[in-house]
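Q: Quick one, fold the following:
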Amino acid sequence: KEVCDIIGSRAKQPEGAHRVAVVAAGTADYGVAEEAVAVCVSCGIQVSRFYDVGVAGIHRLLAVIPEIRDCDAVICVAGMEGALPSVLAGLLDAPLVAVPTSVGYGAAQSGMTPMLAMLTGCAPGVAIVNIDNGFGAAAMVAKILRVQKRKEDREQDQAAD
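A: Below you'll find the model as predicted:
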């Protein structure tokens, strides 16, 4: 069965209908980020990758914020202290799905620390999925964009009438 069927989509979205930013804090987060990318691509969602833009090198994040703002939704993957989703949510108006990762050492506690940090973040508009769940983040974004596409289609139909 196709991935889109598993997450409840009847069909792929038209190529290029929507674009998602997949943002990864550090190089250790790439595997989970690429899982999210694979699911988005299989559903016909255009993906822009922004990797190694965590808060430890925030100048790299700030340099790509204009490109991220052009996207319809954001998947943010981060381990360690899990601060990146809160920073991004404060800078963007797009829906953001955060994915804590199990990378890190010491007090990162196999992903519990970033997950709890994401859950207690103060920036509004962030949904959090379970640790290392790139699939779940992409599924959530696909559903958000599918509903948005239906609304756009209805509006076009009404305008044509």
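
Q: so where do the helices sit in the chain?
A: Under the criterion DSSP state H, helices of the chain are mapped to 3-6, 30-42, 58-69, 84-91, 112-119, 134-160.

Q: tell me what the third one is packed against?
A: Put plainly, it is helix 58-69. Helix 58-69 makes packing contacts with strand 19-24, strand 46-51, helix 84-91 when contacts are defined by 3 or more CB pairs under 8 Å, 6 or more residues apart in numbering; DSSP states H and E. (Each C-beta comes from the backbone N, C-alpha and C, glycine too.)

Q: Mind checking the pLDDT average for that helix?
A: For helix 58-69, the mean pLDDT works out to 97.

Q: How far off centre is it?
A: 15 Å (CA atoms, centre = their mean, to the nearest Å).

Q: likewise the last one?
A: Relative to the centre of its chain, helix 134-160 is centred 15 Å away, using CA atoms, centre = their mean.

Q: again, but for stretch 119-129
A: On CA atoms, centre = their mean, the centre of stretch 119-129 falls 12 Å from that of its chain.

Q: Where does pLDDT dip in this protein?
A: Residues of the chain meeting the criterion pLDDT under 70: 1-16.
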